[in-house]
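[1] I would like the atomic coordinates for the input below:
(one chain, ligands or ions: 2)
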Amino acid sequence: MAPAIRSPYIGRFAPSPTGPLHFGSLVCALASYLDAKRHGGKWLLRIEDIDPPREQPGAADSIKRTLEAHGLFWDGEVRYQSQRSEAYWDCLNQLKKLDLLYPCNCTRARLAPLNGRYDGHCRHHPPSAGEACALRLKVTDLPPEFGHIRNTIEFVDRIQGIQKEDIAQVSGDFVIHRKDGFFAYQLAVVVDDIDQGITDIVRGDDLLDTTARQIFLYQILGKHPPTYAHIPVVKDEHGNKLSKQNHAPAVNDSTAEKNLLAALDTLGYRLRPLGSPAQLLHKLIADLQSNSALVSQD
Ligand code: GLU
Ligand code: ZN
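    Ligands and ions are numbered 1, 2, ... in the order given. The predicted structure follows:
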């Protein structure tokens, strides 16, 4: 069956500008773009530049140029998270007023043996005033007005199927504002996905384990979470995720159609060259919308 044109469908690609786009992130961009376009939706670009220590000067522009070279044109203006502090502060203050946050001054050394699951130490032993602290969001023993919110989060991922996670067991109370003064990804991503009206998230499955915490935040904020589709991330020959840390090379913009064909192949679409990325994407979207000769992914 052809996918229904859904209104509204608003998707997004939300890269962190830690380096130029590599093949793995091109596959993610393409997957979210195609899903948006086949549903007749919008596809937004958001640069998640809220972690200056990890960023590389010029990376955001290079990512934009690479998307354009591959025919992946976004709708509307690019959003930069570095310009959104006010919205993040508003959300943080709202959570603070609701008595859902507490400061934590635990060191990396104290956290390391906890394997990512915070034990609530600073909730019971508050740091003294004036110390540099992170802010954690409570996930258990919430104030009475949040009594209906469960910490076992269940959702159906369109690719990975039914997911169930007890965040009290997996992450515990989690950081939404970092000790070094930066906002945590978890807070910024949810505030912007809500603000931009994102209905559908398609991204790499390396982020699958962040999703339950994000859905928990949606619930706390009284909002409906989007649907999720986590695509398998591209691995190198050693089975490692392609990433800047693993020295994945930048996509070469001068071989855009070839790169697109390879990225499409990774997503299970075998196509022949047509002369340009634009022609290729145009044909593919038309085929996906009518579902002729191509296997739909959902
Ligand atoms: N900025 C995040 C990253 O590049 C992705 C955010 C998201 O898609 O939710 O890993
Ligand atoms: Zn602590």
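
[2] S62: neighbour count?
    When counting by other Cβ atoms under 10 Å, one arrives at 18 neighbours for S62. The C-beta positions use only the backbone N, C-alpha and C, and glycine is treated the same way.

[3] once you drop chain neighbours, what's closest to it?
    P20 (4.5 Å; Cβ to Cβ, 6 or more residues apart in numbering).

[4] can you tell me which helix in the chain is longest?
    helix 23-38 (DSSP state H).

[5] on contacts alone, who are the packing partners of it?
    With contacts taken as 3 or more Cβ pairs under 8 Å, 6 or more residues apart in numbering; DSSP states H and E, helix 23-38 sits against strand 10-13, strand 42-47, strand 200-204, strand 227-231, helix 256-266, helix 277-290.

[6] now the helices for the chain?
    For the chain, helices defined by DSSP H occupy the ranges 23-38, 59-69, 85-97, 108-111, 121-124, 167-170, 185-195, 211-220, 256-266, 277-290.

[7] let's have those in TSV, adding distance to ligand 1.
    Formatted as TSV, these follow (distance: least, Cβ to the nearest ligand atom, whole Å):
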stretch	distance to ligand 1
helix 23-38	7
helix 59-69	10
helix 85-97	15
helix 108-111	21
helix 121-124	27
helix 167-170	17
helix 185-195	5
helix 211-220	8
helix 256-266	17
helix 277-290	21
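
[8] winner for burial among these?
    Among the helices of the chain, helix 23-38 has the highest mean neighbour count (mean count of other Cβ atoms under 10 Å), at a mean of 24.

[9] ok and that one relative to helix 277-290, angle-wise?
    Here helix 23-38 points in a direction 50 degrees away from that of helix 277-290 (axes from the mean of the first three to the mean of the last three Cα atoms, to 10 degrees).

[10] sorry, back to before: wait, the residue nearest to S62 sits on A248?
    No - counting by Cβ atoms under 8 Å, P20 stays clear of A248, with 9.6 Å between them.

[11] quick check: the residue of the stretch 151-298 of the chain nearest ligand 1.
    Closest residue of the stretch 151-298 of the chain to ligand 1, Cβ to the nearest ligand atom: R203 (3.9 Å).

[12] distance of the closest residue to that residue other than its chain neighbours relative to L242?
    Spatial nearest neighbour of R203, chain neighbours left out: C28 (5.8 Å); criterion: Cβ to Cβ, 6+ apart. Distance of C28 to L242, computed by Cβ to Cβ, to the nearest Å: 10 Å.

[13] equivalent analysis for G120, please.
    Computed as Cβ to Cβ, the G120 to L242 distance reads 36 Å.

[14] end-to-end on stretch 143-150?
    13 Å (Cα to Cα, to the nearest Å).

[15] ok so, going back, who's in contact with the residue nearest to S62?
    A59, S62, I63, T66, A250, V251 (Cβ atoms under 8 Å, 6 or more residues apart in numbering).

[16] correct me if wrong: the first one contacts S25.
    The reference is to A59. No - in this structure, A59 is not within contact of S25 by Cβ under 8 Å, at 11.1 Å.

[17] wait, what's in contact with L280?
    G71, E257, L260, L261, L264, L271, P273, L274.

[18] let's see it at 7 Å
    Residues near L280 by Cβ atoms under 7 Å, 6 or more residues apart in numbering: E257, L260, L271, L274.

[19] give the buried residues for stretch 223-233.
    Buried residues in stretch 223-233, counted by 16 or more other Cβ atoms under 10 Å: P225, P226, T227, Y228, A229, H230, I231, V233.

[20] now do the same end-to-end measure for that stretch.
    One end of stretch 223-233 sits 28 Å from the other (Cα to Cα).

[21] quick one: contacts for K37?
    W43, I285.

[22] near ligand 2, which residues of this protein?
    Proximity of the chain to ligand 2, by Cβ under 5 Å from the ion, involves residues C104, C106, H121, C122.

[23] cutoff 8 Å now
    104-106, 110-111, 118, 121-123, 125, 127, 134, 136 (Cβ under 8 Å from the ion).

[24] redo those residues as TSV? Include pLDDT.
    As requested, these are exported to TSV (pLDDT from 0 to 100):
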residue	pLDDT
C104	98
N105	97
C106	96
R110	95
L111	95
Y118	97
H121	97
C122	98
R123	97
H125	96
P127	96
A134	98
R136	98
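
[25] any chance of these in TSV, with distance to E48 too?
    Below are these laid out as TSV (distance: Cβ to Cβ, whole Å):
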residue	distance to E48
C104	23
N105	26
C106	25
R110	28
L111	23
Y118	23
H121	29
C122	27
R123	29
H125	33
P127	29
A134	19
R136	21
